[in-house]
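Q: Predicted coordinates and the sequence they were generated for:
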Amino acid sequence: MYQKDSGDKKYFRVLNILNRLNEGPVRVAELSAEFGVSERSIQRDIERINLTGFHLDAPEKGVYTFSGGVSLKTFNLTSDQLSVLVLMREMAGGMGGAIAEAFDKVFARATSASASDSHFYAVGPRALNPLTRKFYEDISFAIEQRKKLKVRYASVSGEKERVLCPVKILASETFFYMMASVDGGKEGQFPKFRVDRIKKLEILPEEFTPPPPELIKKIIGTATSIWGVNEGKKTPVTLRAAGAAADFLLNKEILPRQKVSKPGADGSVTVKAVIHHPMEVVPLVLHWMPEITISEPADLRAEVKKRIDDYLKL
């Protein structure tokens, strides 16, 4: 039985949950009753463990287990040390950028574990800040419990209330996005909503049926930026890169399905990729011009030219 004077409550719960997972399935409702906290608090503990790099499965609603083959014995640290890492991961994630990346490398080296698949999907650098932390936790809880959300969202066209069915949390360039279907909207579409533009959020009692995981994975696909998480047609593109831009693209994957040719006699390379949205390429070209040019398609080349012309007019 949980003792309220047993020290740091969060640390104790995480340590206890880790050890129980090592023994078999855990149930959110049972842990909530035993520890005297809300199910949402237990859900956050589970998410902390999941985000750290442990592989968890949810065979049924409200039940969690280590994935097949995962055991605390497979890690190189004690359960006490691992529970400290879980809480440190949350702190590192809150600092974002290089700190979070450094922690992930430390965890991987210490435990020989890789980041697990969770409700959170990082596209680029990760960051948590106080303004979005509460909504992040509420959204994560709603995804797990399959609860609809009522939000007041401020888009460029103004504020509007809508009911959403959240399926994933995305992160890109220090922004959080909620990937969700609009209740009553077109089936199979999952627009993205920037979490910092949510002015009000309420978890509704109504539940929704989540889409197949395969569908969400297909939409996210090989995205390397938030623009790539998009339904719709795929557009093949061909770029020519020279100088520092060629060296950059040879050593870093920037575009989805990126294929780079061997350098030519002049050091230039041909880059081929498949995109879902023009903004997957436009910022890259503008950043590196004139060392990057668009060979195909012509309409994408025209889009970049228009942006440059509009800028020069200013």
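A: Perfect, I can see it now. Quick caveat: nothing in here was measured; it's all calculated off a predicted structure.
Q: could you pull out the helices for the stretch 1-150 of the chain?
A: Ranges of helices in the stretch 1-150 of the chain, per DSSP state H, counting those that start in this stretch, are 9-23, 28-35, 39-52, 79-95, 97-111, 130-145.
Q: to the chain's geometric centre, what's the distance from the first one?
A: This points to helix 9-23. How far helix 9-23 lies from its chain's middle: 25 Å, per Cα atoms, centre = their mean, to the nearest Å.
Q: Buried residues, that helix. List them.
A: 10, 12, 13, 14, 15, 16, 17, 18, 21 (16 or more other Cβ atoms under 10 Å). Any C-beta I mention is one placed from the backbone N, CA and C, and that applies to glycine too.
Q: would TSV of the residues you listed with distance to residue 27 be doable?
A: Output for the buried residues of helix 9-23, formatted as TSV (distance: Cβ to Cβ, whole Å):
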residue	distance to residue 27
10	19
12	18
13	14
14	16
15	18
16	13
17	11
18	15
21	11
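Q: Wait, residue 159 touches residue 152, no?
A: Yes: proximity of residue 159 to residue 152 meets the contact threshold set by Cβ atoms under 8 Å, at 5.8 Å.
Q: can the buried residues of helix 9-23 go into TSV with extra columns for distance to residue 222 and pLDDT?
A: As requested, these are arranged in TSV below (distance: Cβ to Cβ, whole Å; pLDDT from 0 to 100):
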residue	distance to residue 222	pLDDT
10	36	73
12	41	75
13	37	83
14	34	82
15	38	79
16	39	82
17	34	87
18	33	82
21	31	86
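Q: Of those residues, which pair is most distant in space?
A: Maximum pairwise distance in these, criterion Cβ to Cβ, is 16.4 Å, between 10 and 21.
Q: what sits opposite residue 176 in the beta ladder?
A: Applying DSSP bridges to residue 176 gives these bridge partners: residue 171.
Q: I figured it hits residue 169, correct?
A: Yes: when contacts are counted by Cβ under 8 Å, residue 176 is listed as touching residue 169 (6.3 Å).
Q: Can you check which residues contact both of these two?
A: 136, 195 (Cβ atoms under 8 Å, 6 or more residues apart in numbering).
Q: which other helices and strands contact the host helix or strand of residue 302?
A: Using DSSP states H and E, residue 302 sits in helix 298-313. Here helix 298-313 touches helix 282-288, strand 292-296, going by 3 or more Cβ pairs under 8 Å, 6 or more residues apart in numbering; DSSP states H and E.
Q: If you average pLDDT over each of these, which is lowest?
A: With a mean of 91, helix 282-288 has the lowest mean pLDDT of the helices and strands packed on helix 298-313.
Q: Who has more neighbours out of residue 176 and residue 169?
A: Legend: neighbour count by other Cβ atoms under 10 Å for residue 176 and residue 169, higher for residue 176 (24 against 21).
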